[in-house]
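S.K.: What follows is a predicted protein model with its sequence.
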Amino acid sequence: MGRIDYAGFNKMLCEGESEMAVRDHIKAIEGPLGLMIFNAIDHGILLSLAGKIARAKQYVVGNPLFALQMAEKDIRVGLYAPLQTVQNIRIAGKIPAISCRSAIGIGCFKQERTSLADSLGLRCYI
C-alpha cells in the first residue's frame, strides 16, 4: 500500500496544480486497491508507558480521489473518511483483530449507493 506525503499533497493543492497533475500524483502512489496510508500511530509504544506490551497500530487509510467523489455528494462524509483501522498483532504475527470505524459510520448518510462504496466494501444504508 502506498503512503501519501500529505504536506506535499496539500502544497500541490494550495499552489494551484492542475487537476490532472494532482490525479497523476495520487495514481502514482496508490496501492492495488487504490488506497494509501495517510498516517500510522503506534499505540503499542504508548501502552509501554503503562508497563504493558502490545503490538497495535492505528492506520489512517484512504484516497483523496475517493474522498472527493464522496464529499461532492455530502460533505459530512469527512467525519468518516479517510478510514481509520486498528491492527492488533498478538500471536506469532497473526492479526486477530482489525476494526474499522468508518465502514459503519458512513452508512448514516442517506445517499444512493455508489460503486465506490461497493468497491470498498462499505455498507451504505438507503
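M.R.: That came through, no problem. What you see is a predicted model; the values in this text were computed from it and never measured.

S.K.: What's the end-to-end length of stretch 41-54?
M.R.: Length of stretch 41-54, first residue to last, Cα to Cα, to the nearest Å: 13 Å.

S.K.: what sits up against it?
M.R.: R55, A56, K57, Q58, V86, N88 (Cβ atoms under 8 Å, 6 or more residues apart in numbering). Glycine gets a C-beta too; all of them are placed from N, C-alpha and C.

S.K.: What about the residues you listed, which are in strands?
M.R.: Mapping the contacts of stretch 41-54 onto strands (DSSP state E) picks out R55, A56, K57, Q58, V86, N88.

S.K.: among those, which ones are buried?
M.R.: Among these, those classed as buried by 16 or more other Cβ atoms under 10 Å are A56, K57.

S.K.: Quick check: the farthest pair among the ones in strands among the contacts of stretch 41-54?
M.R.: R55 and Q58 (12.3 Å; Cβ to Cβ).

S.K.: Quickly list what's touching both of the two.
M.R.: With Cβ under 8 Å, 6+ apart, R55 and Q58 have no common neighbours.

S.K.: need the helices for this protein, in chain order.
M.R.: Here the chain has its helices, by DSSP state H, at 6-14, 19-29, 43-48, 64-73, 101-105, 115-119.

S.K.: Let me have those helices in JSON lines, adding mean pLDDT as columns.
M.R.: Listed next are those as JSON lines, based on pLDDT from 0 to 100:
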{"stretch": "helix 6-14", "mean pLDDT": "92"}
{"stretch": "helix 19-29", "mean pLDDT": "94"}
{"stretch": "helix 43-48", "mean pLDDT": "87"}
{"stretch": "helix 64-73", "mean pLDDT": "87"}
{"stretch": "helix 101-105", "mean pLDDT": "53"}
{"stretch": "helix 115-119", "mean pLDDT": "54"}
